[in-house]
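*Asks:* With the sequence up front, the predicted model follows.
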Amino acid sequence: MDGEVLVIIDMQPYFETAHDEYTLRNCVTEIKKAIRDEIPIIAVEYEDPDGNDILGETLPRLKRHLDKYTRTYYVKKHQDDGGYEIMNCIEDEGIGFVSKFRVCGVNITACVAETVYTLVNEWSAEVEIIKKACNGSRSWYKNRKTMFSNRGIYRNRNVALV
């Protein structure tokens with residue numbers, strides 16, 4: 001799949017929603033698909049701005065697959081939005097033209113939504129939010145239309161909740 005990138009957001013020990021079995025299993029499935037199709041993977045990790053290692057690295061269950069793959073890249077961010085860090089990684093690593101981002105991870109009402117907002121508004125590409133490989137508060141799915149509408153994401157033709 002030329003031009004695609006899988007983005008994994010904040011699947012770290014600190015975030016309770018990252019430990020959900022359904023979410024983890026579907027993230028692993030997406031990683032395996034990306035590896036099979038030779039799609040670059042960018043794992044975004046929230047880093048404590050004070051330098052305390054309280055958030056941890058990407059969960060071992062995911063790293064087990066990611067670390068074996070030569071097209072895996074890790075980026076650190078210090079705020080909910082990781083979009084600019086992703087764009088810098090693409091440029092710095094010479095990933096090339098990206099026409100579609102497939103996004104999974106946590107928390108969908110914060111870091112995923114903020115990152116998607118930046119990717120949609122700063123990069124000319126499609127964004128697919130993989131709902132079965134995302135998690136957040138219990139009410140996130142019920143409130144998804146409102147959440148994405150508030151950020152102008154839901155109405156954007158380049159964004160799909162798949």
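*Replies:* Sure thing, it's come through. Given the structure is predicted, the values throughout are model-derived calculations rather than measurements. Residues are numbered from 1 along each chain as shown.
*Asks:* Flag every buried residue along the longest helix seen in the chain.
*Replies:* If you go by DSSP state H, the chain has its longest helix at helix 21-36. Buried residues in helix 21-36, counting neighbours by 16 or more other CB atoms under 10 Å, are found at 23, 24, 26, 27, 28, 30, 31, 34, 35. Bear in mind the C-beta positions are built from the backbone N, C-alpha and C, glycine included.
*Asks:* again with stretch 89-99
*Replies:* Going by neighbour count (16+ other CB under 10 Å), the buried part of stretch 89-99 is 89, 90, 95, 98.
*Asks:* Can I get it as PDB, trimmed to CA atoms?
*Replies:* C-alpha atoms of stretch 89-99 as PDB (Å, rounded to 0.1, in the frame of the first residue of the first chain):
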ATOM      1  CA  CYS A  89       9.400  11.900  11.500                       C
ATOM      2  CA  ILE A  90       8.200  11.400   7.900                       C
ATOM      3  CA  GLU A  91      10.500  14.100   6.700                       C
ATOM      4  CA  ASP A  92      13.500  13.100   8.900                       C
ATOM      5  CA  GLU A  93      13.300   9.400   8.100                       C
ATOM      6  CA  GLY A  94      12.700   9.900   4.300                       C
ATOM      7  CA  ILE A  95       9.400   7.900   4.500                       C
ATOM      8  CA  GLY A  96       8.300   9.700   1.300                       C
ATOM      9  CA  PHE A  97       4.800  10.600   0.100                       C
ATOM     10  CA  VAL A  98       2.000   9.800   2.400                       C
ATOM     11  CA  SER A  99      -1.500   9.800   1.000                       C
END
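*Asks:* tell me how far it is from the chain's mean position?
*Replies:* 16 Å (CA atoms, centre = their mean, to the nearest Å).
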